[in-house]
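K.L.:
Fold the following.
(one chain, ligands or ions: 1)
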Amino acid sequence: MILGGGKVVAADSAVLDPGWVEVRDGRIASTGAGRAPQPVDVDLRNRWLVPGFVDMHVHGGGGAAFQDGAGERVRRAAEFHRSHGTTTLVAGLVTAPLRVMERKVAELAESVQDGLIAGVHLEGPFLAAAHCGAHPPSLLRAPAAADLRRLLDAGAGAVRMVTLAPELPGGLDAVRQVVDSGATAAIGHTDADYELTRAAVGAGVTVATHLWNGMRPQHHRRPGPVPALLEAAGVTIELVVDGLHLHPAIAYAAARAAGPGRTALVTDAIAAAGLGDGTYPLGEATVRVRGGEARLAEGDSLAGSTLTLDRALRNAVAIGIPFLDALAAITSVPARAVGLGGEAGSLAPGRPADLVVLTDDLVVDAVFARGNPVINHTEER
Ligand SMILES: [Zn+2]
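P.N.:
The predicted structure is shown next:
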């Protein structure tokens, strides 16, 4: 299959205009600028061809939550996001009793084996009660090495990221333990101050979980975690750009401060994404969605989002983030942050043919997962 005749965003954000991509056996066989070497199967005129999106922080969508277990529910959530261009996602589990989380990690590990999801993100239970967001405070705990070990072992390599509050007793050791296991250590839902955050980065933290949300706010004499994370060259900054989690000015300033190679747009989407207003479960909690805004039924905290990455891309461009930077923030940057840089997030020969066709106004027109069409409106027009 050859896709050509439009703008192609190739490796390292190089724009081939026009360009083409050849797909063979589900992989990208070759790419090039100019006219395609053979007649094209998918005409990209007035279209962009970009890598499939990578969501490193997502809890569900289309009415299904990763928390709800393996198999069909996972497939439903993954397929919902795939129809919005996300071909690689790391399934997020929120805080639950330890043995429940252990079981869910093991179940999701099977979905990783099946190729439905690319890994598991543990968001909890090692979080700060002071910034718990939608996580039930009674189930939060300090990261005892043995407990963390149980969760990591349950995944047998499937756990790709752990968000934790490093100021908890044993927190810095836990960061090292996560990194030693081969997963990404993320700081989030934390009451850490500036100094402790720097220590956590020194211990191995490389991701800031939804910056600003679920952490001590910035103050001119008590800077807190935000400046420490923005200034740390090795830290990827997650931003939820849904117009609700962050004021557009703050989202823009954070993306500018971190720079394009370090900004990752995430959805933090819950099962309600793609559904209308209503009441939905999120782990042990109940969430009320009104006008797309998800809040805890009790306590009013924001509880994830109903965002999809295609909308995050359009939102980011609308607040002034350049298109190619915003695109990197939903493709190559998150892929690298969770150790998937060799497989996802870039249109390079040899990679799986996870492709998205966008219209000029950045609406998803077609999605190919491993070369297979998920949706394809391009042909119809
Ligand atoms: Zn989350």
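K.L.:
How is the protein partitioned into domains?
P.N.:
2-50+346-376, 53-337 (automatic domain parsing).
K.L.:
which residues sit in contact with residue 239?
P.N.:
210-211, 246, 251, 254-255, 263-266, 329 (C-beta atoms under 8 Å, 6 or more residues apart in numbering). For every residue, glycine as well, the C-beta is placed using N, CA and C.
K.L.:
Give me the distance between it and residue 295.
P.N.:
Distance of residue 239 to residue 295, computed by C-beta to C-beta, to the nearest Å: 19 Å.
K.L.:
Please apply the same query to residue 214.
P.N.:
14 Å.
K.L.:
Who has more neighbours out of those two?
P.N.:
residue 214 (27 against 17; other C-beta atoms under 10 Å).
K.L.:
Dihedrals phi and psi, the closest residue to residue 359 other than its chain neighbours?
P.N.:
What sits nearest to residue 359 in space, not counting adjacent residues and going by C-beta to C-beta, 6 or more residues apart in numbering, is residue 365, at 5.3 Å. Backbone torsions for residue 365, taken as degrees, to the nearest 10, come to phi -110, psi -30.
K.L.:
Check residue 365 and give its pLDDT.
P.N.:
Per-residue pLDDT puts residue 365 at 96.
K.L.:
other SSEs contacting the longest helix anywhere in the chain?
P.N.:
Longest helix of the chain, by residue count under DSSP state H: helix 98-113. Applying 3 or more C-beta pairs under 8 Å, 6 or more residues apart in numbering; DSSP states H and E, we find helix 98-113 packed against helix 72-82, strand 86-94, strand 119-123, helix 145-155.
K.L.:
Output the ones you listed as JSON lines; include the columns distance to residue 187, mean neighbour count and mean pLDDT.
P.N.:
Output for those, formatted as JSON lines (distance: least, C-beta to C-beta, whole Å; neighbours: other C-beta atoms under 10 Å; pLDDT from 0 to 100):
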{"stretch": "helix 72-82", "distance to residue 187": "25", "mean neighbour count": "22", "mean pLDDT": "95"}
{"stretch": "strand 86-94", "distance to residue 187": "15", "mean neighbour count": "28", "mean pLDDT": "97"}
{"stretch": "strand 119-123", "distance to residue 187": "12", "mean neighbour count": "27", "mean pLDDT": "98"}
{"stretch": "helix 145-155", "distance to residue 187": "15", "mean neighbour count": "17", "mean pLDDT": "98"}
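K.L.:
wait, which of the ones you listed is closest to residue 33?
P.N.:
strand 86-94 (24.0 Å; C-beta to C-beta).
K.L.:
Quick one: residues in contact with the helix or strand residue 178 falls within.
P.N.:
Per DSSP states H and E: residue 178 is located in helix 171-180. Under the contact criterion C-beta under 8 Å, 6+ apart, helix 171-180 has outside partners 126, 142-143, 145, 148-149, 152, 162, 164-166, 168, 184-185, 199-200, 203-205.
K.L.:
Buried only: go through those for me.
P.N.:
Using 16 or more other C-beta atoms under 10 Å as the burial test, the contacts of helix 171-180 include 126, 143, 148, 152, 162, 164-166, 168, 184-185, 199-200, 203-205 as buried.
K.L.:
Is residue 16 in a helix, a strand, or coil?
P.N.:
Taking DSSP: H, G, I helix; E, B strand; the rest coil as the rule, one finds residue 16 in the strand state.
K.L.:
what's near enough to touch residue 63?
P.N.:
By C-beta under 8 Å, 6+ apart, the neighbours of residue 63 are 76, 80, 271-272, 274-275.
K.L.:
now residue 361
P.N.:
residue 314.
K.L.:
now residue 26
P.N.:
Contacts of residue 26 (C-beta under 8 Å, 6+ apart): 352-353, 370-372.
K.L.:
hang on, isn't residue 155 packed against residue 105?
P.N.:
Yes: with contact defined as C-beta atoms under 8 Å, residue 155 counts as touching residue 105 (4.7 Å).
K.L.:
Identify the contacts common to those two.
P.N.:
Joint contacts of residue 155 and residue 105 (C-beta under 8 Å, 6+ apart) are residue 120.
K.L.:
so after the helix or strand bottoming out on mean pLDDT in the chain, what's the next helix or strand?
P.N.:
Between all helices and strands in the chain, the lowest mean by mean pLDDT, DSSP states H and E belongs to strand 278-282, at a mean of 85. Of the helices and strands lying after strand 278-282 in sequence (DSSP H and E), the nearest is strand 285-290.
K.L.:
Please work out which residues outside the very next helix or strand once past that following strand touch it.
P.N.:
The element immediately downstream of strand 285-290 (helix or strand, assigned by DSSP H and E) is strand 293-296. Applying C-beta under 8 Å, 6+ apart, the set of residues contacting strand 293-296 from outside is 134, 244, 270, 272, 280, 282, 285-289, 301-306.
K.L.:
can strand 293-296 be found next to the ion?
P.N.:
No: using C-beta under 5 Å from the ion, strand 293-296 never reaches the ion; the gap is at least 11.0 Å.
K.L.:
and the very next helix or strand once past that strand, what other elements does it pack with?
P.N.:
Sequence-wise, the next helix or strand downstream of strand 293-296 (DSSP H and E) is helix 309-318. Other elements packing on helix 309-318 under the criterion 3+ C-beta pairs under 8 Å, 6+ apart are strand 53-58, strand 263-265, helix 323-328.
K.L.:
Which of those sits closest to the ion?
P.N.:
Smallest distance to the ion across the helices and strands packed on helix 309-318 (C-beta to the ion): 5.4 Å, for strand 53-58.
K.L.:
That closest one versus helix 309-318: what angle between them?
P.N.:
In terms of direction (axes from the mean of the first three to the mean of the last three C-alpha atoms, to 10 degrees), strand 53-58 departs from helix 309-318 by 100 degrees.
K.L.:
Within its sheet, name the partner strands of strand 53-58 and how each one runs.
P.N.:
strand 86-94 (parallel) (DSSP bridges).
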